[in-house]
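Engineer: Got a sequence here, can you build the structure:
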Amino acid sequence: MWQISYHETYLKSKNEFDPHLIQWIDSKERIIQTSPISYPFLKKPLFKIRKFRSGKLRILYALSTEKPELWKDNPPDKGVILLFCDLRTEETYDEVLKEFKKHGIV
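Structural biologist: Here you go, the predicted model:
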């Protein structure tokens, strides 16, 4: 199983939801943890960042084997860092790109 880490942008975006929705998001995190390679990459400029989709939910994440620079210390061999979650809107990816640039992810 892959080791999960949380980026501050992920925790900030997740904490904006009500407790029931957070519980649902937690269940989707476990799906990503068990099979993170199953989900596709986003297009440029979000290079090597993957997207999990479930209904309206979007979770963006990266793997330590593909984007090790996102870990502060040595990344684990099988690490997943969750970067952002949101409910899909027209502006979702514009908001993500702005947040990622602000935090040095892209």
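
Engineer: okay, CA-based contacts and neighbour counts for the rest of this
Structural biologist: Fine.

Engineer: what are the ranges of the helices in this structure?
Structural biologist: 8-14, 19-34, 92-102 (DSSP state H).

Engineer: Dump these to JSON lines, plus distance to residue 66 and mean pLDDT.
Structural biologist: Listed next are the helices of the chain as JSON lines, based on distance: least, C-alpha to C-alpha, whole Å; pLDDT from 0 to 100:
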{"stretch": "helix 8-14", "distance to residue 66": "19", "mean pLDDT": "94"}
{"stretch": "helix 19-34", "distance to residue 66": "15", "mean pLDDT": "96"}
{"stretch": "helix 92-102", "distance to residue 66": "17", "mean pLDDT": "85"}
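
Engineer: Would you tell me which one of the ones you listed is buried the most?
Structural biologist: Most buried of the helices of the chain, by mean neighbour count (mean count of other C-alpha atoms under 10 Å): helix 8-14, with a mean of 16.

Engineer: quick one: it to chain centroid distance?
Structural biologist: Relative to the chain's own centre, helix 8-14 is displaced by 9 Å; criterion: C-alpha atoms, centre = their mean, to the nearest Å.
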